[in-house]
Each structure stands twice: as C-alpha cells, then as structure tokens.
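In: What follows is a predicted structure for the sequence shown.
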Amino acid sequence: MFVNNLINKKQKNQHYYNRIIIDAFSGASAGALALTVMLKAFTAPDETVFDEYSSPHKQLWNSLHTEFGANLSKLLEEANEQEKMQLLLIQYAQHLQEQAWVKTVNLERLLRRDKLPFDIARMEHDPSILYLKTYEDIAARFLSPGEEGYTGTLNPSGFLVESDTFACSLSRLNPVVADGRKQYQLRLEDKANIALNDALRSFIHRDMRVFDIHFNALNEDELQRLPKRWYRLHTGEADTQSEKHILENISHKSSWQTISATAIACGCFPVAFRPVLLERHRCEFGENL
C-alpha cells in the first residue's frame, strides 16, 4: 500500500498518503511476537540495511524491483532520501517476518517430532503440546541487539512517532488479587454484610503489559504526567531504583529482553505452550491490586 501510494501520488484524482507514521502496536497470542519483530525492524534495524555495499542491502532492493518492476524505478527517480529509507525498511520488516514465520516456524518444530529426549505423553519435562523453544529461537535471532545494546540511530526512517505504545495481553496462571475490603469497610457485626464483604475480593487472570516507548529523554515533569503502570522506555538514563515507576533505556539489551519475554508470554496460551515466568513490578498493578 505504501509503495503504491508513492507511485500514484503524481497522478490526478488519486488519493494517497504522503506520510505514514505508527503510534500504537497491540498484539495477542503469536501476533505480539510478530509485532515485536516489526517494532525492532523500525526502531533498531541492522546497520547493514543502509550499507549500499552489503549483501542484505542489495537483496532488499532486488526484492523491491522484482515485486514492483518499472513502477519502482519511476518512483526512485522522484523519491527523497527519507522515502527511499522507508521503502527499504518496509521490505526489511517483511523480510524478517518471512524468515521468522515461514523459514523458522513449521509443524515439525512446533511438535518437536525429531530428537525428542522424553515421552510427550507423560509430560514430565515440558507440560505442553507445542514446543516453546520455537518462539524463543525467533526472539533470540531477530530481537537481540547484541551484548553492547543498539548503538545506531533509533527510528531512522521516522515511521514511529516520538512516543509509541505497545500493548501485550497476558493470561495469568497465578491470579492477581483485587481486594476492595480496605477501601470499602463494612461492619461485620451486621450478618448481612458478610456476603457483601466477600464479594469485594476477586481473582483476576486477565492481564496486560503496556510499553510506553519514547525516542527522546524524558524529564521529571513528563514522568509525572505518564501512567505509572506502564513500562517506560526512553533514550535517557535508566532508573532501576525507583519503586514508583519503571524507566529503562530503549537501546539496552535488557530492554529488548523484557519486550521479547513479554511477547513470548503473550503467545503462550495455556496447554498449547508451557507457562512463562515473567518478572513484573509492583507499580504495574496500580494501588488497588
């Protein structure tokens, strides 16, 4: 769609987008991991993507020429450098998705038919139908920025706005307890209140983690305005000591490990995959949980 809009923008009576930006991602099940791969492609692409002498760079342009032919050649004559970069990153994101979900995932790997070291029927080692390491391999291959973190320019194409939101739905095996008995104290001397008091306590299995991503350094005033329950990432210093909020650097390896682990946990629906141990912070649950 993006390429066709650029191709048609010189034609009369054609509606087109001269700029496309993304400000929110939301994923459920395996879709969260697929969106994380796309988020990583746009936020922190491999440096070889823009190296015109590298094989990946040449392969991406060859793929674009194969798909769009002469129309692409005409477009490139009129496109500015940012538009060319965006075209390249779209193809790069598409290439990563193909590598992850076409080349990596298949039934043989999900069912682990080969090299089974245990009896699946007994479920002693991996209590699930499908093999979780398939997801973990995707995260390790396509989402890790390396030991030193990401050192290149973040969001180089401008596809993502300065502040983006990425939400992952989660199913908890260990429920969160929502207890309103302290806030709404009832007189237990009154027997009629016993049942009402019990109804003020609930177990919640449905959960969500929201990443609040900023491509600038947040100051103290901005931190006060933002929701404290969100997992905030920015380009400034990380604050790992505060109990009131979460603040990490988007370039650090640990930040992408957290995003990857959350996306994997989102895709691990019960029985199909074994549960994922996901570290959470007290501030993510608000004051009433």
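Out: Here it is on my side, so go on.
In: For Asp46, give me its contacts.
Out: 56, 92 (Cβ atoms under 8 Å, 6 or more residues apart in numbering). Where C-beta positions appear, they are placed from N, C-alpha and C, glycine not excepted.
In: Also Asn216?
Out: Counting by Cβ under 8 Å, 6+ apart, Asn216 touches 162, 234-236.
In: Repeat that for Glu47.
Out: Going by Cβ under 8 Å, 6+ apart, Glu47 touches Gly152.
In: Give me the distance between it and Gln241.
Out: Distance, Glu47 to Gln241, by Cβ to Cβ, to the nearest Å: 33 Å.
In: quick revisit: ok, of the contacts of Asn216, which come out buried?
Out: Buried by 16 or more other Cβ atoms under 10 Å: His234, out of the contacts of Asn216.
In: nearest to Pro227, of the contacts of Asn216?
Out: Within the contacts of Asn216, the smallest distance to Pro227 is 14.4 Å, found for His234 (Cβ to Cβ).
In: Quick check: phi and psi on that closest one?
Out: Phi and psi for His234, reported as degrees, to the nearest 10, are phi -150, psi -170.
In: Tell me, how many residues neighbour Phe211?
Out: Applying other Cβ atoms under 10 Å, we find 24 residues neighbouring Phe211.
In: Was I right to think it contacts Ser163?
Out: No. In this structure, Phe211 is not within contact of Ser163 by Cβ atoms under 8 Å, at 11.2 Å.
In: While we're on the most centrally placed residue in the chain, how confident is the model there?
Out: Nearest to the geometric centre of the chain sits Thr36, at 3.2 Å (Cα atoms, centre = their mean). In the predicted model, Thr36 carries a pLDDT score of 90.
In: ok, it - contacts?
Out: Residues near Thr36 by Cβ under 8 Å, 6+ apart: 27, 139, 143, 166, 259-260, 263.
In: circling back to that earlier point, mark which of the contacts of Asn216 are part of strands, please.
Out: 162, 234 (DSSP state E).
In: export the contacts of Asn216 to JSON lines and tack on distance to Ala178?
Out: Shown next, in JSON lines, are those (distance: Cβ to Cβ, whole Å):
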{"residue": "Glu162", "distance to Ala178": "34"}
{"residue": "His234", "distance to Ala178": "30"}
{"residue": "Thr235", "distance to Ala178": "35"}
{"residue": "Gly236", "distance to Ala178": "34"}
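In: would you list the contacts of Asn216 in a markdown table and tack on pLDDT and distance to Leu107?
Out: Formatted as a markdown table, the contacts of Asn216 follow (pLDDT from 0 to 100; distance: Cβ to Cβ, whole Å):
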| residue | pLDDT | distance to Leu107 |
| --- | --- | --- |
| Glu162 | 86 | 42 |
| His234 | 92 | 41 |
| Thr235 | 91 | 41 |
| Gly236 | 90 | 45 |
